[in-house]
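Asks: Next come a sequence and a model predicted from it.
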Amino acid sequence: MVPSMRKSSAGSFTEMRLPNGSIYKGNLVDGKYDGRGILIYANKERYEGEFKNGMKHGKGKYYYIKGELYIGDWIENKKQGKGLYFY
């Protein structure tokens, strides 16, 4: 699928299917996830939140396939700081 893009104040908004089967909807800056976005993994797990330099970074929610949910802080793709885990 060819990404559809439109300009936003933070860069470009895109919706695209990645080669690994994941889907990304959100902002891109210099070709990397940046700002608000949604990343739906091929296994149907999902991250909704902030990205920086292509990584989960800032506030976000991660939905696991078994129904668990993590809401909290992320730094460079890792859960960091305060957060809540529901199971």
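Replies: Nice, I can see it. Numbers count the residues shown, from 1 in each chain.

Asks: Run a quick neighbour tally on Arg37.
Replies: Residue 37: Gly, not Arg. 20 (other Cβ atoms under 10 Å). Every C-beta, even on glycine, is put in place using the N, C-alpha and C of the backbone.

Asks: List the buried residues of the helix or strand containing it.
Replies: Secondary structure from DSSP states H and E places Gly37 in strand 32-40. Neighbour counts over strand 32-40 (16 or more other Cβ atoms under 10 Å) mark Tyr33, Asp34, Gly35, Arg36, Gly37, Ile38, Leu39, Ile40 as buried.

Asks: can you put those residues in a markdown table and add distance to Ser22 and pLDDT?
Replies: Shown next, in a markdown table, are the buried residues of strand 32-40 (distance: Cβ to Cβ, whole Å; pLDDT from 0 to 100):
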| residue | distance to Ser22 | pLDDT |
| --- | --- | --- |
| Tyr33 | 11 | 94 |
| Asp34 | 17 | 95 |
| Gly35 | 18 | 95 |
| Arg36 | 17 | 95 |
| Gly37 | 12 | 97 |
| Ile38 | 10 | 97 |
| Leu39 | 6 | 98 |
| Ile40 | 6 | 98 |
